[in-house]
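Enquirer: Build the 3D model from these lines:
(chains A and B)
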Amino acid sequence: MTTNRRQFIGTLGAASALIAAPSVLRAQPQGVFRIGALCPVTGAGAPYGSGMQKMITAAAEIVNAAGGAAGRKIEVVSEDTQTSPQAGVLAAKKLIDVNKVQAILGTWSSGVSLAVVPLTNDANIILMNTSGAPALSVPPANAKGLSYRFQATNDRFGRAFAEICAKEGFKRPATMAFNNASGIGNTEGFRKAWEAKGNKVVANVVYEPNQPSYRSELQKVLAANPDVIVTGSYLSDTTIIMREWFQSGQPVKWIIPGWAANPDLVKATGPEVVEGVISVDSISNETAPSFKAYAEVYEKATGQSGQSNIFSAMTWDMVHALALAIEAAGSTETAAINAKIREVSNPEGTKVYSYAEGKEALKKGKINFEGASSVLDFDQYGDVSPSFGVFFIEGGKLNRRYVVNI
Amino acid sequence: MFYAQLFVNGLFQGLVIGLAALSITLVFGIARFPNAATGDSMTLGAYAALAAHKASGSFIVAGLGAASATGIVLLLAYWSVFRKLAGRSVVALLVASIGIAFLLRAVLGVAFGHGQQVFQIPLARPYIFGGLRILPLDLQMALVALVTLIAVFGLLYLTAIGRQMRAVADNRDLARVSGIRPGRVMVALWLLAGAVAGIAGMMLGMKTIVTPEFGWEMLLPAFTAAILGGIGSPVGAVVAGLILGAMQEFSTPFVGFTYKIAIAFLIMLAVLLVRPRGLFGRVEGVR
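Expert: This is a model prediction of the structure:
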């Protein structure tokens, strides 16, 4: 085979482009602060992921429109975790090594966040997540204090479940948990809080993901004759479980976290099956101007109401808190930014609800950013304490009956 | 009664595994490589059935839709990829089938989105036979599986093309010398293997929910059943599927729900140690 000149030059061009490409990619241009938007666009988190990612981009645009943070533009690189730890780690590696991001925002599901946090710790950058596992609060996961959680911990969810159980007068609760840090975190948090009240849990079941049927699991739980089943579950497994439970014909009430018991669940099972199910979710800071601003952008971007995706309110807040901290630090060094995150979010300081407002107020003194997802006050572990909405599914609609604070 | 109920639950789960294993074992017996695209073919079947069911409201049409769509797509995969690689090593074909699997999954993801979809089936209370709860839906599924199995075995053992398929499985060269054209046999094989996988996917989708990833996750149990039953043995695949399903559920009171998946592999290990050719397999012989 002979090579003609055109082919040769073509090959040469391709080869030199290949060699040159990494340096093009690697260079962190001056005047830019690059963040990774690492969200669950596919997999179990798919109902939330693309909304979360869109809000990171939208919030970054707002920051840039207000002149950036510490004189830098925020640049967003998007990746998909596929709601799987393996894929999440690969994507995080790529964001850190190839894109040279200086913070990763938006990981969902504890399995993913727990897998990604060692990488961000090694790279010495900030990770902002929306996961619930208690293990994310403490070392080794949060050994450097660089991880921030914008969602209530599963432990807090469990405590809220116990409050609701007591309030609704249930006596014989049983639990079913998806076998991961989040699912078990929910039901264990519940068990601890419930037993601390001097009560007993009649049965505990931990089940595996991706099973064709959960009938044997249900059979075991229902054999203990519970009056309510508390779950730590996701949408897909909950759909299967609810359908199989309904077909079993044994009456029982359910308390299910809001990311599983949502309008998609009603659509999948039909309203009759989930009638009376109690759905518990952390609720957004709905009366705050920051929520209004977020909801407007969210509706424009997705065509859905801002309340339909609590996690995108969280990612919106992530960009705001991070950008305000960069602005306050006047630096893009991780340590300097990290020192300012609590300072710009927690009390003592002028309450602010938008980036432009916060940037202005920073010139005069301390600020306290009140987020769209919660008032956004981080404790010593980098965790927030949102309120919990208690929704009853009635006639296919989720109606909020009351709010629980813990 | 508690155990009997677990056993029955397991049998119905085993049917799906058995059908998927049947598709794998057919391909392995005749085309001689483990088809990793079987799982995603099931997904395709489930989506095809969903679409057909939405359009017609009939489960018979849904089943036919699943079987034909999956059969045709696997046939296309054979024409465009597997045929070109025939004669290469098993690894080349295996890797190619993994590629087909990824392609199918990606296309389904783009076409139907990653959110879950469900068959709109009216939910019904179970029949109770002497304390055993059996769902009407499960009985219908069992019927579908039975019809599929009768069709497959009828084709394999009662028709000319079936006899030719078995001849090629037994000894490719001898079959060719006897005047059997392998091309026709392969077309029949891929249509058949695809149709079986499509039906399995529809059954799984009706029992659970349909997402672009859900068939891929069934691949491991299906492979296990195919090996346990004796690679290349259609009867073995179905029986092994039922055994796996039943043993998994039956073991749960003793080992818990977390480790029931491991039980499948323990059984497989034990069988392979005692009887390496699987339950129904022959040494080097495939029927």
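Enquirer: From A:Asp80, how far out is the residue of the stretch 51-200 of chain B found nearest chain A?
Expert: Closest residue of the stretch 51-200 of chain B to chain A, C-beta to the nearest C-beta: B:His114 (4.0 Å). For every residue, glycine as well, the C-beta is placed using N, CA and C. According to C-beta to C-beta, to the nearest Å, B:His114 stands 10 Å off from A:Asp80.
Enquirer: Need the overlap of contacts for these two.
Expert: Shared contacts of B:His114 and A:Asp80, defined by C-beta atoms under 8 Å, 6 or more residues apart in numbering or on different chains, are found at A:41-42.
Enquirer: Excluding chain neighbours, what is closest to B:Arg133?
Expert: Nearest residue to B:Arg133, sequence neighbours excluded (C-beta to C-beta, 6 or more residues apart in numbering or on different chains): B:Pro126, at 4.0 Å.
Enquirer: Dihedrals phi and psi, the one you found?
Expert: Here is the backbone geometry of B:Pro126 (degrees, to the nearest 10): phi -70, psi 150.
Enquirer: Count the neighbours of it for me.
Expert: Neighbour count of B:Pro126, defined by other C-beta atoms under 10 Å in any protein chain shown: 16.
Enquirer: how about the strands of the stretch 1-150 of chain A, start to end?
Expert: Ranges of strands within the stretch 1-150 of chain A are A:32-39, A:73-80, A:103-107, A:126-129, A:147-149, based on DSSP state E, counting those that start in this stretch.
Enquirer: Give me the sheet partners of the first one and which way each runs.
Expert: Sheet pairing for strand A:32-39, assigned by DSSP bridges, gives strand A:73-80 (parallel), strand A:103-107 (parallel).
Enquirer: Could you confirm B:Val8 falls within a helix?
Expert: Yes: residue state for B:Val8 (DSSP: H, G, I helix; E, B strand; the rest coil) corresponds to a helix.
Enquirer: Could you list the residues of chain B in contact with chain A?
Expert: For chain B, the residues in contact with chain A (C-beta under 8 Å from any C-beta of the partner chain) are B:2, B:5-6, B:9-10, B:12-13, B:16, B:109, B:113-116, B:118, B:120, B:123-126, B:133, B:135, B:137, B:204, B:207-209, B:211-214, B:217-218, B:249, B:252-253, B:256-258, B:260-261.
Enquirer: and with 7 Å instead?
Expert: With C-beta under 7 Å from any C-beta of the partner chain as the criterion, chain B meets chain A at residues B:5-6, B:9, B:13, B:16, B:109, B:114-116, B:118, B:123-126, B:133, B:135, B:204, B:207-209, B:211, B:217, B:249, B:252, B:257-258, B:261.
Enquirer: Which members of those residues occur in strands, if any?
Expert: Mapping those onto strands (DSSP state E) picks out B:Arg133.
Enquirer: from the residues of chain B next to chain A, which would you call buried?
Expert: Burial by neighbour count, 16 or more other C-beta atoms under 10 Å in any protein chain shown: within the residues of chain B next to chain A this picks out B:5-6, B:9, B:13, B:16, B:109, B:114-116, B:118, B:123, B:126, B:133, B:135, B:204, B:207-209, B:211, B:217, B:249, B:252, B:257.
Enquirer: Good, we can wrap up now.
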